[in-house]
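Q: No letters, just coordinates:
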């Protein structure tokens, strides 16, 4: 129980920091990451907030992941819900500043990318399942037999183009985040000496199996008594 609670705390620290990092890159106003271009485009098209757009898109991807046979964890569900909720909390209450100075904008964008890298360490190391978008990448990689890099690039290019035509913000910062995002995540993992290959995720299927096993054990104990 204690280990599960610590994992949840680690997960929520990661999700909150991820939202902080995203809002930093949004408020830098130098161009968004491909997924956030798409979320902003959906937001402008429908009139909902970016956080709500992130939740709706995440829900659709979770369903698609499940259809494609990818396992879903508690971390997947919470990722879908709480990053969007935290984004709206930060943006609607103006908790992250906006600067007009170009140097401060650039610093803000890079700081946001660094925070996202730290956040990735926390939520992935919790071992409660990958985010919906990462799950989609994995499932399509399995289905197509293509490399992870190829599949990820195809997904991000698609959402970037669609998001742009929906009104999402694309700038030189978009290119920097596409190229540099992975490096910041890798740098954060290096800081914490974290090997992502050693993480063993627990999925909802595992909890269901555990509950069934305990019910069977309880029935056996009752029959013995």
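A: Looks like it arrived, so ask away. All of these numbers come straight from a predicted model, not from anything done at the bench.

Q: Report how many residues lie close to residue 178.
A: Neighbouring residues of residue 178 were enumerated by other CB atoms under 10 Å; the total is 17. For glycine as for every other residue, the C-beta is placed from the backbone atoms N, C-alpha and C.

Q: which secondary structure elements does the strand or helix carrying it contact?
A: Assignment of secondary structure by DSSP states H and E places residue 178 within helix 172-191. Helices and strands touching helix 172-191, by 3 or more CB pairs under 8 Å, 6 or more residues apart in numbering; DSSP states H and E, are helix 2-28, helix 34-46, helix 102-125.

Q: if you set the cut-off to 6 Å instead, what comes out?
A: In terms of contacts (3 or more CB pairs under 6 Å, 6 or more residues apart in numbering; DSSP states H and E), helix 172-191 is packed against helix 102-125.

Q: Can you name the element that comes right after the helix it packs on?
A: Past helix 102-125, heading to the C-terminal end, the next element that is a helix or strand (DSSP H and E) is helix 132-144.

Q: how about that next one: buried residues?
A: Residues of helix 132-144 classed as buried by neighbour count (16 or more other CB atoms under 10 Å): 132, 133, 134, 135, 136, 137, 138, 139, 140, 141.

Q: Same question for stretch 168-188.
A: Taking 16+ other CB under 10 Å as the basis for neighbour counts, the residues of stretch 168-188 that come out buried are 168-170, 173-174, 176-178, 180-181, 184-185, 188.

Q: Give me the spatial nearest neighbour of the residue nearest the centre of the chain, chain neighbours excluded.
A: If you average the C-alpha coordinates of the chain and look for the closest C-alpha using CA atoms, centre = their mean, you land on residue 131, 4.7 Å from that point. Leaving aside its chain neighbours, residue 131 sits nearest to residue 79 (4.2 Å; criterion: CB to CB, 6 or more residues apart in numbering).

Q: and what of residue 77?
A: The shortest distance from residue 77 to any non-neighbouring residue, by CB to CB, 6+ apart, is to residue 62 (7.1 Å).

Q: Next, count neighbours for that neighbour.
A: Using other CB under 10 Å, residue 62 is surrounded by 22 other residues.

Q: quick revisit: list just the nearest of the buried residues of stretch 168-188 to residue 119.
A: Looking at the buried residues of stretch 168-188 and their distance to residue 119, the nearest is residue 188, at 8.2 Å (CB to CB).

Q: who's in contact with that closest one?
A: Residues in contact with residue 188 (CB atoms under 6 Å, 6 or more residues apart in numbering) are 117, 118, 121.

Q: If I look at it, what pLDDT would I see?
A: In the predicted model, residue 188 carries a pLDDT score of 90.

Q: how far away is the residue nearest to residue 77 from residue 131?
A: Residue 62 is 9 Å from residue 131, where distance means CB to CB, to the nearest Å.

Q: Low-confidence bits of this protein, can you list those?
A: In the predicted model of the chain, residues 1, 217-225 satisfy pLDDT under 70.

Q: Would you list the phi and psi of the residue nearest to residue 92 when sequence neighbours are not counted?
A: Distance criterion CB to CB, 6+ apart; nearest residue to residue 92, sequence neighbours excluded, is residue 49 at 7.1 Å. Comment: the main-chain dihedrals of residue 49 come out as phi -80, psi 160, following degrees, to the nearest 10.

Q: Kindly confirm whether my reading is correct that residue 49 touches residue 89.
A: No: under the criterion of CB atoms under 6 Å, residue 49 lies out of contact with residue 89, with a separation of 10.4 Å.

Q: who's in contact with residue 168?
A: With contact set as CB under 6 Å, 6+ apart, residue 168 has these partners: 37, 40, 41.
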